[in-house]
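1. Output the structure for:
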Amino acid sequence: MRVNLHRISREALAERLTREGVSVRTVDGVDCALAISGYDYLAALPSFQEGLFQVQDVSSMLAVLAAAPRPGDYCIDVCAAPGGKSLHMADLMNGTGMVEARDLTEYKVQLIEENIARSRMENIRAARQDATVLDEASVEKADVVLADLPCSGLGVLNKKRDLKYRMTPKQQEELVMLQRRILETVQRYVKPGGVLVYSTCTVHREENEGNTAWFLERFPFVLKEQRQMLQGRDPWDGFYIAKMERKLHD
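-> You can find the predicted model right below:
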């Protein structure tokens, strides 16, 4: 889980959780993360009810840390529900700037709003927006766009074991095309010099490195960082992150 550092330090939260009867350990290399166990019901913990932390895998935290929003930035998270990454960006900006957390349905927007309310953060808002449809008002307005897109989910088979029985090559092809449609749309929101982070929770090369190569051939961005995490090799979910920066001149 990720500590809401605008509310409490990691050390203070660890002490608080210990008093609540939870087993706590730190996560090497990720200063905002703790791993917890030994509790019966997460939502019953007073520290959770008070919004002192957010349940989030380390791989998702790394996507936001790659985006590295700065104080005062305007950030758009285009497929945001339930809002963990959006809240992380808002936390990194220390109450400044604004994060717009977007998703497709009212239900998903409601999930984001519930987490915003629990976190008590004010530099974030939720909005309903289809990521495949261009929002003209956002063109070249964002310092950071986070696109953690629908994918085959093959990096989280330990949590969603049924995926191996349901996912087909045809569905993977359809997801690749959906990801490209979204990327083609949302790249327009990034201002010159701004950052687009594309991420998935899969290990499927065509959805990951393949889509990044396709994107860089067509749009005025430079690849700054690319990382594929694998279950079994890395101590968290299988996950892909590509950080791309928009050129100052197209």
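2. Not counting sequence-adjacent ones, nearest residue to the residue nearest in space to the middle of the chain?
-> For the chain, the residue nearest the mean C-alpha position is Lys85 (3.7 Å; Cα atoms, centre = their mean). Closest residue in space to Lys85, ignoring its immediate chain neighbours: Val64 at 5.1 Å, by Cβ to Cβ, 6 or more residues apart in numbering. No exception for glycine: its C-beta is placed from N, CA and C like everyone else's.
3. thinking again about what came up before, where does the residue nearest to the centre of the chain land in three-state SS?
-> helix (DSSP: H, G, I helix; E, B strand; the rest coil).
4. residue contacts, it?
-> 56, 60, 63-64, 77, 146, 148 (Cβ atoms under 8 Å, 6 or more residues apart in numbering).
5. what's the longest helix in this protein?
-> Longest helix in the chain by number of residues (criterion: DSSP state H): helix 169-186.
6. Just the buried positions in that one, please.
-> Neighbour-count burial for helix 169-186, counted by 16 or more other Cβ atoms under 10 Å, picks out 172, 175-176, 178-180, 182-183, 185-186.
7. For those, give me CSV that also has pLDDT and distance to Leu34.
-> Listed next are the buried residues of helix 169-186 as CSV, based on pLDDT from 0 to 100; distance: Cβ to Cβ, whole Å:
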residue, pLDDT, distance to Leu34
Gln172, 80, 34
Leu175, 90, 32
Val176, 93, 35
Leu178, 95, 34
Gln179, 96, 32
Arg180, 97, 37
Ile182, 97, 32
Leu183, 98, 33
Thr185, 98, 36
Val186, 98, 32
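8. can you give me the strands for this structure?
-> Under the criterion DSSP state E, strands of the chain are mapped to 2-3, 23-26, 34-37, 53-54, 74-77, 98-103, 124-128, 142-148, 190-200, 221-229, 239-246.
9. and the ones you listed, which is most packed in?
-> strand 74-77 (a mean of 26; mean count of other Cβ atoms under 10 Å).
10. Listing partners with orientation, what would you give for that strand?
-> strand 98-103 (parallel), strand 142-148 (parallel) (DSSP bridges).
11. Name the residues that touch the first one?
-> The list of residues contacting strand 98-103 from outside it, by Cβ under 8 Å, 6+ apart, reads 69, 74-81, 83, 86-87, 89-90, 93, 109, 112, 116, 123-129, 131.
12. can you check stretch 10-20 too?
-> 3, 8, 24, 26, 31-34, 36, 39, 45-47, 52-53.
13. Next, the buried residues of that stretch.
-> Result for stretch 10-20 [16+ other Cβ under 10 Å]: buried residues 10, 13-14, 16-17.
14. quick one: Leu62 and Phe239 touch, right?
-> Yes: assessed by Cβ atoms under 8 Å, Leu62 is found in contact with Phe239 at 7.4 Å.
15. if I look at the two, which residues touch both of them?
-> Met229.
16. re earlier: for the longest helix of the chain, packing partners?
-> Packing partners of helix 169-186 (3 or more Cβ pairs under 8 Å, 6 or more residues apart in numbering; DSSP states H and E): strand 142-148, strand 190-200, helix 211-218.
17. Just the C-alphas of it, formatted as PDB.
-> Only the C-alpha atoms of helix 169-186 are listed here, as PDB (Å, rounded to 0.1, in the frame of the first residue of the first chain):
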ATOM      1  CA  PRO A 169      -5.200 -14.000 -29.400                       C
ATOM      2  CA  LYS A 170      -8.100 -12.200 -31.100                       C
ATOM      3  CA  GLN A 171      -8.900 -10.300 -27.900                       C
ATOM      4  CA  GLN A 172      -5.200  -9.300 -27.600                       C
ATOM      5  CA  GLU A 173      -5.200  -8.000 -31.100                       C
ATOM      6  CA  GLU A 174      -8.400  -6.000 -30.300                       C
ATOM      7  CA  LEU A 175      -6.700  -4.500 -27.200                       C
ATOM      8  CA  VAL A 176      -3.700  -3.500 -29.200                       C
ATOM      9  CA  MET A 177      -5.900  -1.500 -31.500                       C
ATOM     10  CA  LEU A 178      -7.900   0.000 -28.700                       C
ATOM     11  CA  GLN A 179      -4.600   1.100 -27.000                       C
ATOM     12  CA  ARG A 180      -3.500   2.700 -30.200                       C
ATOM     13  CA  ARG A 181      -6.700   4.600 -30.600                       C
ATOM     14  CA  ILE A 182      -6.400   6.000 -27.100                       C
ATOM     15  CA  LEU A 183      -2.800   6.900 -27.400                       C
ATOM     16  CA  GLU A 184      -3.400   8.600 -30.700                       C
ATOM     17  CA  THR A 185      -6.100  10.700 -29.000                       C
ATOM     18  CA  VAL A 186      -4.600  11.500 -25.600                       C
END
